[in-house]
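Chemist: Build me a structure from this.
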Amino acid sequence: MPLDEYRLANRDNWDARVDLHYESVEYGVDQFISDRSHLSGVVTYDRVKLGDVSGKRLLHLQCHIGTDTISWARLGAEVTGTDLSPKSIAAARRLSEESGTPARFEVAELYDTAAVIDEKFDIVYTGVGAICWLPDIVGWADLVAALLEPGGIFYMREGHPMMWALDWEDTRELRVTLPYFETGEPDSEEEDETYAGEGKVASPLNYGWNHGIGETINALIQAGIRIDRVEEYDECEWQGQAQMVLEEDGLWRLPEGRERLPVMWSVLGTKAR
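Modeler: Sure, this is the predicted structure:
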């Protein structure tokens with residue numbers, strides 16, 4: 001599929017983040033290399049929700065530099081990671097080699113994944129901060145279903161669409177200023193800083209789309225995935241809103257009134273047999 005201007009910009013943006021992220025404290029690449037039992041914080045959180053992955057073929061969509069993918073491999077899965085960013089995939093392959101953790105990584109724009117990876121998996125996994133880069137949630141759900149074996153499991157934990165709709169700069173109030181539902185045209189941002197590491201992003205322009213919970217769940221159901229569990233959370237791995245504060249467990253929460261806003265959500269589903 002030819003990439004439009006939005007996804008071309010996002011690919012360049014993510015290529016430009018790779019070196020900063022690979023050297024960052026937040027991604028902890030050195031820990032992955034020095035300690036072969038080390039897991040990412042994301043997977044440490046998600047492993048309880050997803051359950052035992054030993055011996056399962058797991059596909060990680062939008063894997064970036066592969067720290068979460070490598071973590072699932074360390075928990076016993078046979079992993080494949082895909083990403084539209086060639087530099088991300090090169091970094092993920094380097095991490096696999098340097099950390100001594102076997103994993104396969106392939107360059108694939110999300111909607112072309114089934115053409116690049118001609119097989120089906122026991123688990124399809126999508127990590128935090130992924131679907132906000134995608135223009136079409138129905139097409140995404142169809143792809144997830146196409147990549148799963150009958151009876152296979154899908155799991156995703158994401159930033160909550162209500163959080164994505166807030167004004168991120170307001171330090172006093174929670175104000176909805178951005179779309180909650182999927183729109184035809186994306187929101188654009190030109191930001192030369194990234195969430196991990198130090199330095200400037202050489203290609204700062206990026207585009208994002210929000211997807212409401214109803215839109216996302218219905219897309220999965222229509223694609224043939226039974227929804228087994230949906231959860232919402234008042235905690236987040238990054239400062240997704242200006243008022244949030246970092247607490248001792250490494251998670252960000254509203255300092256007061258946290259019951260007012262879900263900041264993450266997850267969905268667990270099973271493909272029909």
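
Chemist: from here on, contacts and neighbour counts on C-alpha atoms
Modeler: Noted.

Chemist: in the stretch 101-250 of the chain, which spans are helices?
Modeler: With helices called from DSSP state H, counting those that start in this stretch, the stretch 101-250 of the chain shows them at 113-116, 137-147, 161-164, 213-222.

Chemist: Pipe the ones you listed into a markdown table and attach mean neighbour count, distance to residue 45 and mean pLDDT per row.
Modeler: Below are the helices of the stretch 101-250 of the chain laid out as a markdown table (neighbours: other C-alpha atoms under 10 Å; distance: least, C-alpha to C-alpha, whole Å; pLDDT from 0 to 100):
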| stretch | mean neighbour count | distance to residue 45 | mean pLDDT |
| --- | --- | --- | --- |
| helix 113-116 | 15 | 26 | 96 |
| helix 137-147 | 20 | 22 | 98 |
| helix 161-164 | 22 | 20 | 95 |
| helix 213-222 | 18 | 21 | 98 |
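
Chemist: Which one, of the ones you listed, ends up nearest to residue 249?
Modeler: helix 161-164 (20.8 Å; C-alpha to C-alpha).

Chemist: Could you export the helices of the stretch 101-250 of the chain as JSON lines, including distance to residue 8?
Modeler: Shown next, in JSON lines, are the helices of the stretch 101-250 of the chain (distance: least, C-alpha to C-alpha, whole Å):
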{"stretch": "helix 113-116", "distance to residue 8": "16"}
{"stretch": "helix 137-147", "distance to residue 8": "18"}
{"stretch": "helix 161-164", "distance to residue 8": "22"}
{"stretch": "helix 213-222", "distance to residue 8": "24"}
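
Chemist: right, and these - which one's nearest residue 194?
Modeler: Residue 194 lies closest to helix 161-164 among these, at 16.6 Å (C-alpha to C-alpha).

Chemist: who touches that closest one?
Modeler: 178, 180, 210-213, 240-241, 261-264 (C-alpha atoms under 8 Å, 6 or more residues apart in numbering).

Chemist: what do you get if the cut-off is 10 Å, keeping everything else the same?
Modeler: Helix 161-164 is touched from outside by 132, 174-182, 208-213, 240-241, 261-265, with contacts defined as C-alpha atoms under 10 Å, 6 or more residues apart in numbering.

Chemist: Then stretch 39-47?
Modeler: Residues from elsewhere that reach stretch 39-47 (C-alpha under 10 Å, 6+ apart): 26-29, 31-32, 38, 49-50, 53, 66-75, 127-128, 155-157, 237, 250-251, 266.

Chemist: let's see 7 Å
Modeler: For stretch 39-47, the surrounding residues in contact (C-alpha atoms under 7 Å, 6 or more residues apart in numbering) are 67-68, 71.

Chemist: number of nearby residues for residue 272?
Modeler: 16 (other C-alpha atoms under 10 Å).

Chemist: Provide a list of residues in contact with residue 99.
Modeler: 32-33, 36 are the contacts of residue 99 under C-alpha under 7 Å, 6+ apart.

Chemist: Make a markdown table out of the residues you listed and add pLDDT.
Modeler: Output for these, formatted as a markdown table (pLDDT from 0 to 100):
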| residue | pLDDT |
| --- | --- |
| 32 | 97 |
| 33 | 97 |
| 36 | 94 |
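
Chemist: Most neighbours among those, please name it.
Modeler: residue 32 (22 neighbours).

Chemist: for it, helix, strand, or coil?
Modeler: Using DSSP: H, G, I helix; E, B strand; the rest coil, the structure places residue 32 in helix.

Chemist: Would you confirm that it contacts residue 22?
Modeler: No: counting by C-alpha atoms under 7 Å, residue 32 does not reach residue 22; the two are 11.2 Å apart.

Chemist: re earlier: let's see which of the contacts of helix 161-164 end up in strands.
Modeler: Among these, the members found in strands (DSSP state E) are 208, 264-265.

Chemist: Quick check: of the residues you listed, which has the highest neighbour count?
Modeler: Among these, residue 264 has the most neighbours (other C-alpha under 10 Å), with 23 neighbours.
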